[in-house]
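A.B. asks: generate a structure from the sequence data that follows.
(one chain, ligands or ions: 1)
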Amino acid sequence: MKKINSKADLAINGSAPAFIEKLHVGRPNMGDKAAFQKYVDQIFENHWLSNNGPLVQELEHRIAEHHQAKNCIAMCNGTIALEIAIRALDLTGEVILPSYTFIATAHALHWQEITPVFADIDPVTHCLDPASVRKMITPKTAGIIGVHLWGHAAPVNELQQIADEHGLKLMFDAAHAFGCSYKGKMIGNFGQAEVLSFHATKFFNTFEGGAVLTNDDELAEKMRLMRNFGFAGMDNVIHPGTNGKMTEIHAAMGLVNLDNVDKVIRRNEENYRAYQKGITGLPGLSIYTFDENEKNNFQYVVLEVGDDCPVSRDEIIEALHAENILARKYFWPGCHKMLPYRELYPHAGLLLPITQRVAEKVVVIPTGTSVTPDEVSFICQVLIKLVEFS
Ligand SMILES: *Cc1c(COP(=O)(O)O)cnc(C)c1O
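C.D. replies: Okay, the predicted model is just below:
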């Protein structure tokens, strides 16, 4: 492969350097600053900072409505929300999940002395493969955590069927799936509970934050207790618990960003389609596609580098980084290859061939409201030159 050393090699116009410092994956989408400042004034007037304040309640109400789910329980982050949901469902022993996910999905189990059992994924959707899930069931299995990776729904019906057959609990890590749907039904209505993340880098953020969506009122009540030390009114603790509360300032950011989500989706989708168009015909390169009939937030543009591509995945990342385009590998090398799992289950990879293959070929490229169509076009030019030079 010919090395590309500079922009001169790529013969790309000089307007690039002005914008390149912000071309990185996960740059936060931010709503209206003046609207946020109004909420700050309100917080100071109310003198209510945490403990289920009015802004948290409003945010919960609006997020539940947005997903047409009965209950939304806001939390301080997605990981604590996962831990609380796992505990509220009384999961113990072994729980099946994909390895191709953010490490928090596995850690939320391990942290509570539950054994994460990694199942393989589908090569097209990158979500759990039901056939592999079936193979992982043992007498110790208590539940399944599906992940709606990239906002694409996990195979919820097949997983529910497996859960029903074996008497297992089913929940979802929906950290990527804010505002997404499956067969026309909003995420937040599947399994016993679904967990959102509102981390700064996610499609919708509250600086840090998360929530559990569930249609089970009893489970919702249990999780509300658990996120506030088990307090039921003053001086009355009736349940084990932790501190998973969201604060008013975080909720304020959420309310502001919620008014912005349609705009973010529009921009994301524009970028996604421009990338798809821009790389058409390049050998071995493709963009992960979403079902046109479903709602999607298009928060990730996932470039897949096939074996027939003249440049390797790592060479592509290196070349993009040289242009200050901070593309990233994602969920590489898979949870099963990170500590402590790599040492606890050294042979897990033998049963995860698709996970290992997908983890080697994915590059997530920049999108979001701060990435313009011109910048997408610039990134596509870099990819085109890279493939042509090789
Ligand atoms: C971001 C993320 C989490 C963790 O959420 P935090 O809010 O950062 O704690 C969990 N699972 C997945 C798949 C994620 O992408």
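A.B. asks: distance of residue 167 from residue 137?
C.D. replies: Distance from residue 167 to residue 137, counting by C-beta to C-beta, to the nearest Å: 11 Å. The way it works is simple: take the backbone N, C-alpha and C, and place the C-beta from them, glycine included.
A.B. asks: how much space between residue 383 and the ligand?
C.D. replies: With distances taken as C-beta to the nearest ligand atom, to the nearest Å, residue 383 is found 25 Å from the ligand.
A.B. asks: what about that residue, which helix or strand?
C.D. replies: Secondary structure assigned from DSSP states H and E places residue 383 in helix 373-389.
A.B. asks: by contact count, what packs against that helix?
C.D. replies: The contact analysis (3 or more C-beta pairs under 8 Å, 6 or more residues apart in numbering; DSSP states H and E) places helix 373-389 against helix 7-10, helix 16-20, helix 261-278, helix 313-322.
A.B. asks: picking up where we left off before, between residue 167 and residue 137, which one's more packed in?
C.D. replies: A count of neighbours by other C-beta atoms under 10 Å puts residue 137 above the other of residue 167 and residue 137, at 17 against 9.
A.B. asks: chain neighbours aside, what residue packs nearest to that one?
C.D. replies: On the basis of C-beta to C-beta, 6 or more residues apart in numbering, the spatially nearest residue to residue 137 that is not a chain neighbour turns out to be residue 166, at 5.8 Å.
A.B. asks: residue 320 now?
C.D. replies: Nearest-residue entry for residue 320: residue 327, 4.4 Å, with adjacent residues in sequence omitted and distances by C-beta to C-beta, 6+ apart.
A.B. asks: that neighbour and residue 321 touch, don't they?
C.D. replies: Yes: here residue 327 reaches residue 321: they are 7.2 Å apart, a contact under C-beta atoms under 8 Å.
A.B. asks: which positions in the stretch 151-300 of the chain make contact with the ligand?
C.D. replies: Counting by C-beta under 6 Å from any ligand atom, the positions of the stretch 151-300 of the chain adjacent to the ligand are 173, 175, 176, 197, 199, 210.
A.B. asks: any regions of this structure where pLDDT drops low?
C.D. replies: Along the chain, the parts satisfying pLDDT under 70 run over 1-22.
A.B. asks: closest residue of it to the ligand?
C.D. replies: Distance from the ligand to each residue of the chain (C-beta to the nearest ligand atom) is smallest for residue 78, at 2.6 Å.
A.B. asks: count of neighbours near that residue?
C.D. replies: Using other C-beta under 10 Å, residue 78 has 26 other residues around it.
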